[in-house]
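Peer 1: sequence first, predicted model second:
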Number of protein chains: 2
Amino acid sequence: MNARLHKCEPGPPAAADPTRIRLLKAAAAVFAERGYQEATVRQICERANANLALVNYYFGDKLELYTQVLRFSLQPEPGAARFDLPAATEQPETALRIIIGAMIERAFETGEQANLRFRLMLNEFVRPSEATCRVVDVVMRPLYDRLREIVGGILGLPPSHQKTRLCVHSILGQVAHFAHAKPVLGLLWPEMARMNRVHRDAIVEHVANFSLAYLRNARDSGLVRG
Amino acid sequence: MNARLHKCEPGPPAAADPTRIRLLKAAAAVFAERGYQEATVRQICERANANLALVNYYFGDKLELYTQVLRFSLQPEPGAARFDLPAATEQPETALRIIIGAMIERAFETGEQANLRFRLMLNEFVRPSEATCRVVDVVMRPLYDRLREIVGGILGLPPSHQKTRLCVHSILGQVAHFAHAKPVLGLLWPEMARMNRVHRDAIVEHVANFSLAYLRNARDSGLVRG
DNA sequence: ACAAGCGTTAAACGAGTGTTTAATTCTAGG
DNA sequence: CCTAGAATTAAACACTCGTTTAACGCTTGT
């Protein structure tokens, strides 16, 4: 069934293998760009300058490579703050602006150093794979719970309240939409096709203001009215 | 290259062919459920109780079937109001509530009679296909333009204004997210997994209130502040 | 020097895809 | 009735996918 016998299963020695890491990085990029299903092992190996059989040699199969990509791109770089968890000491509204900006920044980040975690997550949102449960547990739920804390803090409601959750999904939905709909956006709204920093900043400010309008209003008018 | 020689290309005689229509209906359902790429002609033919070769016999190839599905599911049923274009005489806020409700209703509609146009559109949003341009022109842009009219009417801004467009995308994003994220939503928020009528109504009301909070606020404070 | 084992390679396999072909059935028209 | 053409069928084709295999270097310890 599997073919990865070259060493004991997990652990640091195998994790430090250079071609193994090349495969993981290439796989992260291809998976983030095309999603799990439409990404092919051949694309990954070509990008990694590795032989086709090495994916199965190191990881057994495509799905195990995908889950290890998630685990790999999750590990916090030493010294780098978790992008999606702004300091708890921030004012809730400030924290919300920061987290929205961070999400959109990550969604449009390009280049070699791009943190692909968020885009991997976005793909799972719209096209669940066989590893969706793992993705949810490992990268989505922490972000979701933090957003509920922040939004609940603004609303004056507990994080588990239905209204809190609905608002979190409204925010996530806006971010996910701007991230996903970029190609279609270019057809409906040509000026936005380039999507450079100016556009991104405008989107961040808009999403934050659009969402805060309801949150403040709901907080100030108590829990009853919408 | 093609094999559809059995009759002159378009026109009512070919369009009225019973098995041709069976194929179109089956294809609409499968494309709406799985998207263009992941839908297979074998699934379509099996659902239509038709032979595998008939897709190529009637439509030439899979892509032409897809575009004709879009054209087919677009044609308005006689006597049925266009769901996405509430009467222009409505008050803008009422029109917005109606259109949001209609979109979410269509997104979760199931069964034989489901109007699949909206779900076909949602798929193109997140995973553009070779027919995206056609989808945009034929089903997305009318909805997008109507939303800009309504939202611009509330904001007191022209439909082409950047703020109007951003707000339209915030609304579309929320709807698309609740429609797409249903499987993941069930993992993050178990109570919402069933997604019955009560949940749908709550979502509709929430999205409308969430969006109107900003629109009213922006209208009342003029064009300057967010 | 040599044998052992890991990393790597080219080639193939089996399953699944869209598409094509050639034969068969069905249906009108003379 | 009989035949020409349309509709339908089963089978195969060419291609891509993930995966497997067997052989090939290459280092390493003895």
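Peer 2: Noted; the coordinates are in hand.

Peer 1: number of nearby residues for the closest residue to DNA strand D within chain A?
Peer 2: Nearest residue of chain A to DNA strand D, counting by C-beta to the nearest atom of the strand: residue A:61, 3.0 Å away. The C-beta positions use only the backbone N, C-alpha and C, and glycine is treated the same way. When neighbours are defined as other C-beta atoms under 10 Å in any protein chain shown, residue A:61 has 14 of them.

Peer 1: gap between it and residue B:66?
Peer 2: From residue A:61 across to residue B:66, the span is 31 Å (C-beta to C-beta, to the nearest Å).

Peer 1: cool, and residue A:194?
Peer 2: Taking C-beta to C-beta, one finds residue A:194 at 29 Å from residue B:66.

Peer 1: now swap in residue A:142 and tell me
Peer 2: Distance of residue A:142 to residue B:66, given as C-beta to C-beta: 39 Å.

Peer 1: for residue A:144, which residues are in contact?
Peer 2: A:168, A:172, B:188 (C-beta atoms under 8 Å, 6 or more residues apart in numbering or on different chains).

Peer 1: okay, and the residue nearest the centre of chain A sits in which element?
Peer 2: By C-alpha atoms, centre = their mean, the mean C-alpha position of chain A lies nearest to residue A:118, the distance being 1.4 Å. Assessed by DSSP states H and E, residue A:118 sits inside helix A:117-126.

Peer 1: so what pLDDT did the closest residue to the residue nearest to the centre of chain A other than its chain neighbours get?
Peer 2: Nearest residue to residue A:118, sequence neighbours excluded (C-beta to C-beta, 6 or more residues apart in numbering or on different chains): residue A:106, at 3.9 Å. We note a pLDDT of 91 for residue A:106 in this prediction.

Peer 1: for chain A, longest helix please?
Peer 2: Longest helix in chain A, counting residues (DSSP state H): helix A:197-220.

Peer 1: now, among the contacts of residue A:144, which is nearest to residue B:177?
Peer 2: residue A:172 (6.3 Å; C-beta to C-beta).

Peer 1: thinking again about what came up before, buried set for the helix holding residue A:118?
Peer 2: Within helix A:117-126, the residues that count as buried by 16 or more other C-beta atoms under 10 Å in any protein chain shown are A:117-126.

Peer 1: elements contacting that helix?
Peer 2: In terms of contacts (3 or more C-beta pairs under 8 Å, 6 or more residues apart in numbering or on different chains; DSSP states H and E), helix A:117-126 is packed against helix A:18-38, helix A:62-74, helix A:92-108, helix A:132-135, helix A:162-180, helix B:162-180.

Peer 1: could I get the average pLDDT for it?
Peer 2: Regarding helix A:117-126, the rounded mean pLDDT is 90.

Peer 1: so how far is it from its chain's centroid?
Peer 2: 5 Å (C-alpha atoms, centre = their mean, to the nearest Å).

Peer 1: do stretch A:203-215 as well
Peer 2: 20 Å.

Peer 1: what's near enough to touch the closest residue to residue A:213 other than its chain neighbours?
Peer 2: Excluding the flanking residues, the one nearest residue A:213 by C-beta to C-beta, 6+ apart is residue B:214, at 3.7 Å. Counting by C-beta under 8 Å, 6+ apart, residue B:214 touches A:209-211, A:213-214, B:167, B:170.

Peer 1: now flag whichever of the residues you listed is closest to residue B:202.
Peer 2: Nearest member of the contacts of residue B:214 to residue B:202, counting by C-beta to C-beta, is residue A:214, at 15.1 Å.

Peer 1: wait, which of the helices and strands packed on helix A:117-126 is closest to residue A:200?
Peer 2: Closest among the helices and strands packed on helix A:117-126, using C-beta to C-beta: helix A:92-108, at 5.8 Å.

Peer 1: buried ones in the closest one, by neighbour count?
Peer 2: Buried residues in helix A:92-108, counted by 16+ other C-beta under 10 Å: A:92, A:95-108.

Peer 1: OK, contacts around residue A:73?
Peer 2: A:28, A:115-117, A:120.

Peer 1: how far away is it from residue A:103?
Peer 2: Taking C-beta to C-beta, one finds residue A:73 at 16 Å from residue A:103.

Peer 1: ok, now residue A:166?
Peer 2: Taken as C-beta to C-beta, the span from residue A:166 to residue A:103 is 18 Å.

Peer 1: what's the distance between stretch A:27-36 and the middle of its chain?
Peer 2: With C-alpha atoms, centre = their mean, you get 12 Å for stretch A:27-36.

Peer 1: tell me the contacts of residue A:114?
Peer 2: Per C-beta under 8 Å, 6+ apart, neighbours of residue A:114: A:29, A:32, A:106.

Peer 1: sorry, back to before: does any bit of the helix holding residue A:118 sit next to DNA strand D?
Peer 2: No: using C-beta under 7 Å from any atom of the strand, helix A:117-126 stays clear of DNA strand D, with a minimum separation of 14.6 Å.

Peer 1: report the angle between that helix and helix A:162-180.
Peer 2: Put simply, helix A:117-126 runs at 110 degrees to helix A:162-180, going by axes from the mean of the first three to the mean of the last three C-alpha atoms, to 10 degrees.

Peer 1: neighbour count for residue A:142 and residue B:66, which is higher?
Peer 2: Set side by side, residue A:142 and residue B:66 show more neighbours around residue B:66, with 22 against 14, by other C-beta under 10 Å.

Peer 1: so where is chain A shaky, pLDDT-wise?
Peer 2: Along chain A, segments meeting pLDDT under 70 span A:1-15, A:74-89, A:222-226.

Peer 1: try it again at 50.
Peer 2: Chain A contains residues with pLDDT under 50 at A:1-13, A:78-81, A:84, A:224-226.

Peer 1: now do the same contact list for the residue nearest to residue A:158 when sequence neighbours are not counted.
Peer 2: Nearest residue to residue A:158, sequence neighbours excluded (C-beta to C-beta, 6+ apart): residue A:152, at 5.8 Å. Shown in contact with residue A:152 (C-beta under 8 Å, 6+ apart): A:158-159, A:161, A:164.
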